[in-house]
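In: Can you look at this prediction? I've put the sequence above it.
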Amino acid sequence: MNLHPDVAVLARYADGDPGLDEASVWSVESHLESCADCRARLAEHTPDDVHELLALVSAGVDRGIATGPAPTPRRRVSRRRFEVTLAPWLTMTAAVLGCAALLHGLYPDLPSLVLLLAPVAPLPGVAVSWNRRTDPAWEVVAGTPRAGLGMLLRCTAVVLAVVIPVLAVAGARTGAPMAVLLTPCLAFTAASIALGTVIGVRRAAAGLAAMWAVAVVAPSLATAQVPALLQPGGTAAWAVAAVAAAGFTVARADRFRRLTSGN
């Protein structure tokens, strides 16, 4: 039994004969996929103008590949994300701390605003570092293998790398001890991430900042007294709070792999 298409059928197929029924066309095409001999015979029946057209197209494709644009260089999404998302907030934070240091020089009788704002200084940057509302590429970043707590900690490290030197300069101008500035700062940062596993980082940072402003900053300015929480003797308690918050965060790290944690 001859399974190869008839030569006449191949010739009609090559010529595009409209009288060739669909069953024959389907049979020829199915057979050509697995038979090199019939493909060679089909090429013999193909008109010369078709061969010329195929050669022209092939040459054009080869030229396009050879002279095409260079591959787009690979970009680091995380760096661009830091620059676009965090830069405005970090600039604002640095400006606020600079103004606080200036006001301390103008009004030395009031408690140092640098000292009062130090605990919540990193929170604006932390709030936007893992937040779908402020990052247009958040869904893309959240779907990468390196997303989750690791990505949030890298963003937080960038925030602290900017805020801590600014605090050091502002603290030096106001005379505030570095330990009193840094331990509450780190404790509030860790607390915002820990509380973020429950209500989202954005809400946690905003809630902690509002609570601190109402419960500590406003009363301190009204009474012109530095609260006991910001006295040198309280640094150990702040350090313990930071460690406890960090441990709570690690225990619930999987929460940052879920979309709801981006609120």
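Out: Ah, there it is.
In: Spatially nearest residue to Gly175, not counting backbone neighbours?
Out: Leaving aside its sequence neighbours, Gly175 sits nearest to Ser112 (C-beta to C-beta, 6 or more residues apart in numbering; 7.8 Å). Heads up, the C-betas are built off the backbone N, CA and C, glycines and all.
In: same thing with Leu110?
Out: Nearest non-adjacent residue to Leu110, counting by C-beta to C-beta, 6+ apart: Ala224, 5.7 Å away.
In: same thing with Leu221?
Out: Leu110 (6.4 Å).
In: Roughly how far does the one you found sit from Ala213?
Out: Leu110 sits 16 Å away from Ala213, going by C-beta to C-beta, to the nearest Å.
In: now swap in Ser27 and tell me
Out: Remark: distance between Ser27 and Ala213 (C-beta to C-beta) = 81 Å.
In: And Leu56, by the same measure?
Out: For Leu56, the distance to Ala213 - C-beta to C-beta - is 73 Å.
In: same deal with Leu10?
Out: From Leu10 to Ala213 the distance is 85 Å (C-beta to C-beta).
In: Val114 now?
Out: The value you get for Val114 to Ala213, if C-beta to C-beta is used, is 15 Å.
In: Pick out whichever of the two has more residues nearby.
Out: With neighbours defined as other C-beta atoms under 10 Å, Val114 and Ala213 compare such that Val114 has more, 28 against 13.
In: list the contacts for that one?
Out: Residues counted as contacts of Val114 (C-beta atoms under 8 Å, 6 or more residues apart in numbering) are 97, 100-101, 104, 167, 170-171, 173-174, 176, 181.
In: again, only using 6 Å
Out: By C-beta atoms under 6 Å, 6 or more residues apart in numbering, Val114 lies in contact with 100-101, 170-171, 174, 176.
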